[in-house]
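In: Attaching a predicted model along with its sequence, questions to come.
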Number of protein chains: 2
Amino acid sequence: MQTSAGQTAGVGRPKVSSRQLIEDAAAELFIENTYVGTTIDQITTRAGVSRATFFNYFGAKSDLLWFEVDRANDSLRAACAAASATGSLESIRDVILELAAGFDERRVPLALTQTEVMGAADEIVQSGLVRIATQASVFADFLSARGARHRDDLLVRTAANALAGAVAAAWITWARDGIGRSPLEGYVAESVDVIFPGIRAAFESVARGNTF
Amino acid sequence: MQTSAGQTAGVGRPKVSSRQLIEDAAAELFIENTYVGTTIDQITTRAGVSRATFFNYFGAKSDLLWFEVDRANDSLRAACAAASATGSLESIRDVILELAAGFDERRVPLALTQTEVMGAADEIVQSGLVRIATQASVFADFLSARGARHRDDLLVRTAANALAGAVAAAWITWARDGIGRSPLEGYVAESVDVIFPGIRAAFESVARGNTF
DNA sequence: CCTAGTTTTTGGACTCAGTACAGTATCTAA
DNA sequence: TTAGATACTGTACTGAGTCCAAAAACTAGG
């Protein structure tokens, strides 16, 4: 769950490229033996690193499935923080679409290649759901800042969850459509636009002082 | 993950009330030692049952946190199946509200009492997310039947996820509001009505043959 | 060169959830 | 009584995740 940049300024024992080694070894082994059929021991052995080191870099085995998404979520959080200062409520939509547009089409998350192979083990599903929830949390922060409402407010939570659900639907459908699909951005736009007008209306209604 | 009704028609060794014994022992121990601080061994020992029996009744420790919700989801699935034969798209809203109205206000899921005590361990969050995903899956089945579209269709998925997200937002906010809150049904209605018009419109637009 | 301080890496012991399965207990039906 | 069915138990195993003390590799300062 860490994304440590690892800028060792000089002091202390320097990092070996452990993180990258582990990621690569894992990617190989997942292809050979599937995610479930691969143990952390095998990964660290192939990476030429001790098992304990694994947990210096990753909080859980399932983190290996979601680097791309985790990085994307980091970008999302940054973009939201920037937009929440200046932008309107509408800007959340823009941020979401930009993120989708900027996502490297060729780097489909490892997780999704795994679900194609086998029927998506519980562990994979759950770790994916965590990422969706994380995204919802980012949305909630943005919306509560924009709407001047509490983070736990029903409207904020509803909007955040619904948005995250819609985005997830788009990403999953896009991933399932396989090679030859149209760009991710279009999927996300379609999906979000089903939901967004209702959210906009609700926030405007609240802003006008109607009870909610 | 099972909810076996356990109607032993007669043949075979009759069940002792193992399931109930386990549930009760767990509820006690969770209060005494919290969820994370309780092991399956302790639960089965107090229940006077072997550890192996635990896994005859529950697929995972976290299932103990969600009986009520799992039962509610079973009802939901049944109601959706019934409604998908006769009702309109609108009936999904009715089903959701009925479920909320029928939920025993005093039986707040064990999970939520746990998150109050401590900061919601990952395991608890994840098992909760699984329930939300299950609900989304039920919605997707209904919507694909009603809309004559495939279960993996982008619109179906979007609507199902957004609905599930909205419902979850309502339940969580309701639970957090603690004693003295207004009925759950009101929360759910507010939440769903932010989302639902957009979904209705999208399905109608599709039904008219517009590209989506 | 030596030393002190810092950070990464390692090895090993541990807990606990979840799986597998063979064997036993308790019931019904014939 | 016996055969078949189902519920329960004991036991052994795998593997994820935690903890911690110690070693390794480096820098800076004397």
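Out: Received the coordinates, thanks.
In: just checking, residue A:174 touches residue A:185?
Out: No. Using C-beta atoms under 8 Å, residue A:174 is not in contact with residue A:185, being 9.4 Å away. For glycine as for every other residue, the C-beta is placed from the backbone atoms N, C-alpha and C.
In: List, one by one, the residues from chain A near DNA strand C.
Out: Counting by C-beta under 7 Å from any atom of the strand, the residues of chain A lying close to DNA strand C are A:6, A:8, A:11-16, A:18, A:48-53, A:56-57.
In: cutoff 10 Å now
Out: For chain A, the residues in contact with DNA strand C (C-beta under 10 Å from any atom of the strand) are A:4, A:6-19, A:21-22, A:44-45, A:47-57, A:121-123.
In: Only the buried subset of those residues, as a ChimeraX command please.
Out: Burial among those is assessed by 16 or more other C-beta atoms under 10 Å in any protein chain shown; the matching ChimeraX selection reads:
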select /A:18,19,21,22,44,47,49,53,54,57
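In: Not counting sequence-adjacent ones, nearest residue to residue A:111?
Out: Leaving out its chain neighbours, the residue that sits closest to residue A:111 by C-beta to C-beta, 6 or more residues apart in numbering or on different chains is residue A:65, at 3.8 Å.
In: For residue B:62, see how far away that neighbour is.
Out: Remark: distance between residue A:65 and residue B:62 (C-beta to C-beta, to the nearest Å) = 20 Å.
In: Of the two, which one has the most company?
Out: Using other C-beta atoms under 10 Å in any protein chain shown as the criterion, residue A:65 and residue B:62 rank with residue A:65 on top: 25 against 21.
In: So the closest residue to DNA strand C within chain A: helix, strand or coil?
Out: At 2.1 Å from DNA strand C, residue A:12 is the closest residue in chain A, using C-beta to the nearest atom of the strand. Following DSSP: H, G, I helix; E, B strand; the rest coil, we place residue A:12 in the coil state.
In: I'd like to know which helix or strand in chain A has the lowest mean pLDDT.
Out: helix A:110-117 (a mean of 70; mean pLDDT, DSSP states H and E).
In: does any part of the helix or strand just after that one sit near DNA strand D?
Out: Counting by DSSP states H and E, the next helix or strand C-terminal to helix A:110-117 is helix A:122-147. Yes. Interface with DNA strand D: helix A:122-147 contributes A:123, A:126-127 (C-beta under 10 Å from any atom of the strand).
In: could you give me the average pLDDT of helix A:122-147?
Out: Averaging pLDDT along helix A:122-147 yields 94.
In: Show me the residues of chain A next to DNA strand C that map onto helices.
Out: Among the residues of chain A next to DNA strand C, the members found in helices (DSSP state H) are A:18-19, A:21-22, A:44-45, A:47, A:51-57, A:122-123.
In: between the residues you listed, which is closest to chain B?
Out: Nearest to chain B among those: residue A:122, at 7.8 Å, using C-beta to the nearest C-beta.
In: And that closest one, how close does it get to residue B:196?
Out: 31 Å.
In: residue contacts, the closest residue to residue A:197 other than its chain neighbours?
Out: Using C-beta to C-beta, 6+ apart and skipping residues adjacent in sequence, the residue nearest residue A:197 is residue B:198, 5.6 Å away. By C-beta atoms under 8 Å, 6 or more residues apart in numbering or on different chains, the contact list for residue B:198 reads A:194-198.
In: higher neighbour count, residue A:174 and residue A:185?
Out: Neighbours were counted for residue A:174 and for residue A:185 using other C-beta under 10 Å; residue A:174 has more, 24 against 19.
In: Figure out the helix or strand that the more buried one lives in.
Out: Going by DSSP H and E, residue A:174 is in helix A:154-176.
In: Report the angle between that helix and helix A:122-147.
Out: 130 degrees (axes from the mean of the first three to the mean of the last three C-alpha atoms, to 10 degrees).
In: Show me what helix A:154-176 is packed against.
Out: helix A:91-102, helix A:122-147, helix A:184-207, helix B:154-176, helix B:184-207 (3 or more C-beta pairs under 8 Å, 6 or more residues apart in numbering or on different chains; DSSP states H and E).
In: at 6 Å what do you get?
Out: Counting contacts by 3 or more C-beta pairs under 6 Å, 6 or more residues apart in numbering or on different chains; DSSP states H and E, helix A:154-176 packs against helix A:122-147, helix A:184-207, helix B:154-176, helix B:184-207.
In: so how far is DNA strand D from the residue lying closest to residue A:163 once chain neighbours are set aside?
Out: In this structure, residue A:163 finds its nearest non-sequential neighbour in residue A:139, 5.1 Å apart by C-beta to C-beta, 6+ apart. Distance of residue A:139 to DNA strand D, computed by C-beta to the nearest atom of the strand, to the nearest Å: 26 Å.
In: how far away is residue A:139 from residue A:189?
Out: From residue A:139 to residue A:189 the distance is 16 Å (C-beta to C-beta).
In: quick one: which of those two has more around it?
Out: Remark: of residue A:139 and residue A:189, residue A:139 carries more neighbours, 24 against 17, as counted by other C-beta under 10 Å.
In: wouldn't the more buried one be in contact with residue A:159 here?
Out: No. Between residue A:139 and residue A:159 there is no contact under C-beta atoms under 6 Å: 7.2 Å.
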